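In: just the structure for this:
(one chain, ligands or ions: 1)
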Amino acid sequence: MKPVGPIPSGFETIDGELAIGGRTASALVAKAGRTPLFVYSRALIDARVAQLRAALPQRVGLNYAVKANPHPLVIAHMASQVDGFDIASSGELALCVAAGIDPRRISFAGPGKRDEELEAAIAAGVTLNCESEGEGARALAISQRIGVRPRIAIRVNPSFVMTGSGMKMGGGAKPFGVDAERVPDLARKLIAEGAEWRGLHIFTGSQTLSADAIIEGQANVLALAAQLTKAIGHECPKLNMGGGLGTPYFPGDTPVDLPRVGAALAEQVAQLPAALADTELCMEMGRYLVGEAGVYLTRIIDRKVSHGVTYLVTDGGLHHQLAASGNFGTVVRRNYPSAIATRYGEEATEEVNIVGCLCTPLDRLADNAMMPRADVGDLVAVFCAGAYGASASPSAFLGHGPAAELLV
Ligand SMILES: Cc1ncc(COP(=O)(O)O)c(C=O)c1O
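Out: Sure thing, here's the model as predicted:
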């Protein structure tokens, strides 16, 4: 038997079924008209934002990293919840603009911005988080050609890394950002050549559950930003401090101690170095805002036994939920939080393997998991599906097509 990850709080049981936003899994599938289905809950997103607002100092704004879930309705909903948006492509820019978001609330990071992307962002008034000297030069040339002053911040590749993060985005050689020691020269050059200086972006890691690591990372980021600002010799209008707060996906994972992170940041903000006295601060997060607010629902289409092992074969799988299958950034496969949605709360009486419909042994949703007895027609729920699910999975693989998505 292998345990499944911790089911996030905020879900209910109605008529013996998992319910989201007051509606049962079956009712949600009926509304969408089909499975597999991602359901995202506005109420759970809002509750998470409210927790962050309550814990973090008021001075620290919240940016939504669109890459976590670029569904148009999610982006539009986030417009009322967060202060800014971080995008990684002109495709994400188009989604934000279509959702009515003011481009001046948007910043654009990413190591390989094409000229067309730079032009679209500069023309719209988006802040570029400049990733290299070469990108800075291209941005200046494009802005001259189109006659629009570029808004530019520099993404810094710091020499430190956020310890304990699942994905390290700084420290040593990296394709992201400009090595810290080269930032002052580049900043002065961009400013001298007419760019509107927007400040610094220091994103050091992602998927961190340790409050200590986050607190230490934030202290390092503030110290580095102050040091760079002094060396640049111009005020830092805005500092994007990154985020990194993680999601407990696996057995034994515990949530980030948010009140502790918030209290430590409040202390640091109360004693900000003089160089950052007037700097606007923000944190940038994707999965922490939306990840636990999403559930993936897939229907059991076959129940079979092979050499004594029971398989529940679903109509979903890794083509929608690559991360839950264990093939997106994990070394050892562990079970995501999952349940039989139509028998929610029933006693777990049998050990099963829940698999997807793809003809590959990689397509696993839960291995050797204890579940209530389930049959063809029952719905399986995979939790923590609100971030890096639909958009971070190979939905074209084997031709089953994308899942439906609902925001409730
Ligand atoms: C620059 C940048 N911003 C934001 C994110 C979002 O991270 P998360 O969804 O873990 O908050 C990432 C993730 O790698 C990133 O590289």
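In: going forward, measure contacts between C-alpha atoms and count neighbours the same way
Out: Will do.
In: apart from its neighbours in sequence, what residue is nearest R303?
Out: Nearest residue to R303, sequence neighbours excluded (Cα to Cα, 6 or more residues apart in numbering): L312, at 4.8 Å.
In: and C236, which of the three is it?
Out: Put simply, C236 is coil when judged by DSSP: H, G, I helix; E, B strand; the rest coil.
In: quick one: it from L224, how far?
Out: As judged by Cα to Cα, to the nearest Å, C236 and L224 stand 12 Å apart.
In: what's the answer for A173, then?
Out: Computed as Cα to Cα, the A173 to L224 distance reads 18 Å.
In: looking at those two, which is more packed in?
Out: Shown here are A173 and L224; by other Cα atoms under 10 Å, L224 has more neighbours (18 against 12).
In: now the more buried one: closest residue in space that isn't a chain neighbour?
Out: Nearest residue to L224 in three dimensions, chain neighbours excluded: P158, at 7.9 Å (Cα to Cα, 6+ apart).
In: okay, the one you found: pLDDT?
Out: With respect to pLDDT, P158 scores 95.
In: stretch 198-213 near the ligand at all?
Out: Yes - with Cα under 6 Å from any ligand atom as the criterion, the ligand is reached by stretch 198-213 at F203, S206, Q207.
In: tell me the mean pLDDT over that stretch?
Out: If you average the pLDDT over stretch 198-213, you get 96.
In: using CSV, write down the CA coordinates of that stretch.
Out: Taking Å, rounded to 0.1, in the frame of the first residue of the first chain, the C-alpha atoms of stretch 198-213 are listed here in CSV:
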residue,chain,number,x,y,z
ARG,A,198,11.3,49.9,-13.4
GLY,A,199,13.6,48.1,-11.0
LEU,A,200,14.6,44.5,-10.2
HIS,A,201,13.2,41.0,-10.4
ILE,A,202,14.8,38.4,-8.2
PHE,A,203,13.1,35.0,-8.5
THR,A,204,15.1,32.4,-6.6
GLY,A,205,13.0,29.3,-6.6
SER,A,206,9.7,27.6,-6.6
GLN,A,207,7.8,24.9,-4.7
THR,A,208,9.3,25.5,-1.3
LEU,A,209,7.4,24.3,1.8
SER,A,210,10.0,25.4,4.4
ALA,A,211,9.2,28.7,6.0
ASP,A,212,12.8,29.0,7.1
ALA,A,213,14.1,28.7,3.5
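In: now that stretch, how far from the centre of its chain.
Out: Relative to its chain's centre, stretch 198-213 lies at 13 Å (Cα atoms, centre = their mean, to the nearest Å).
In: got it, and stretch 46-62?
Out: The chain centre lies 16 Å from the centre of stretch 46-62; the measure is Cα atoms, centre = their mean.
In: gap between the two ends of it?
Out: 13 Å.
In: buried ones in that stretch?
Out: By 16 or more other Cα atoms under 10 Å, the buried positions in stretch 46-62 come out as D46, R48, V49, L52, R53, A55, L56, P57, V60, G61, L62.
In: out of those residues, which comes closest to the ligand?
Out: Of all the buried residues of stretch 46-62, the ligand sits closest to L62, with 11.2 Å by Cα to the nearest ligand atom.
In: what about the closest one, distance to F85?
Out: 9 Å.
In: A369 now?
Out: Counting by Cα to Cα, the gap from A369 to F85 is 38 Å.
In: so for those two, which residue has more residues nearby?
Out: With neighbours defined as other Cα under 10 Å, A369 and F85 compare such that F85 has more, 28 against 20.
In: what mean pLDDT would you report for the helix or strand hosting the more buried one?
Out: Using DSSP states H and E, F85 maps to strand 84-87. Strand 84-87 comes out with an average pLDDT of 98.
In: what kind of secondary structure is K67 in?
Out: Secondary structure, three-state DSSP: K67 is helix.
In: verify the stated contact: it with A88.
Out: Yes - counting by Cα atoms under 8 Å, A88 is a contact partner of K67 at 7.0 Å.
In: what would the buried residues of stretch 46-62 look like in TSV with pLDDT, secondary structure and distance to the ligand?
Out: Listed next are the buried residues of stretch 46-62 as TSV, based on pLDDT from 0 to 100; DSSP: H, G, I helix; E, B strand; the rest coil; distance: Cα to the nearest ligand atom, whole Å:
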residue	pLDDT	secondary structure	distance to the ligand
D46	98	helix	16
R48	98	helix	13
V49	98	helix	13
L52	98	helix	13
R53	98	helix	16
A55	98	helix	17
L56	98	coil	16
P57	98	coil	19
V60	98	strand	16
G61	98	strand	14
L62	98	strand	11
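In: excluding chain neighbours, what is closest to T342?
Out: T342 sits nearest to E17 (Cα to Cα, 6+ apart), 4.6 Å away.
In: and the one you found, how far is that from the ligand?
Out: Noted for E17: a distance of 29 Å to the ligand, by Cα to the nearest ligand atom, to the nearest Å.
In: also A381?
Out: As for A381, its distance to the ligand is 21 Å (criterion: Cα to the nearest ligand atom).
In: identify the residues contacting R287.
Out: Listed by Cα atoms under 8 Å, 6 or more residues apart in numbering, the contact set of R287 reads A68, L245, G246, T247, G386, A387, Y388.
In: phi, psi for the second one please.
Out: Note on L245: backbone dihedrals following degrees, to the nearest 10 are phi -70, psi 130.
In: do the fifth one as well
Out: Here is the backbone geometry of G386 (degrees, to the nearest 10): phi -80, psi -10.
In: right, and it touches V295 too?
Out: Yes - contact between G386 and V295 holds when scored by Cα under 8 Å: they sit 6.5 Å apart.
In: overlap in contacts, those two.
Out: F38, V39, Y40.
In: ok, what's across the strand from I354?
Out: Note on I354: beta-bridge partners by DSSP bridges are L312, A366.
In: does the strand holding F85 come close to the ligand?
Out: No - Strand 84-87 is not in contact with the ligand by Cα under 6 Å from any ligand atom; minimum separation 6.8 Å.
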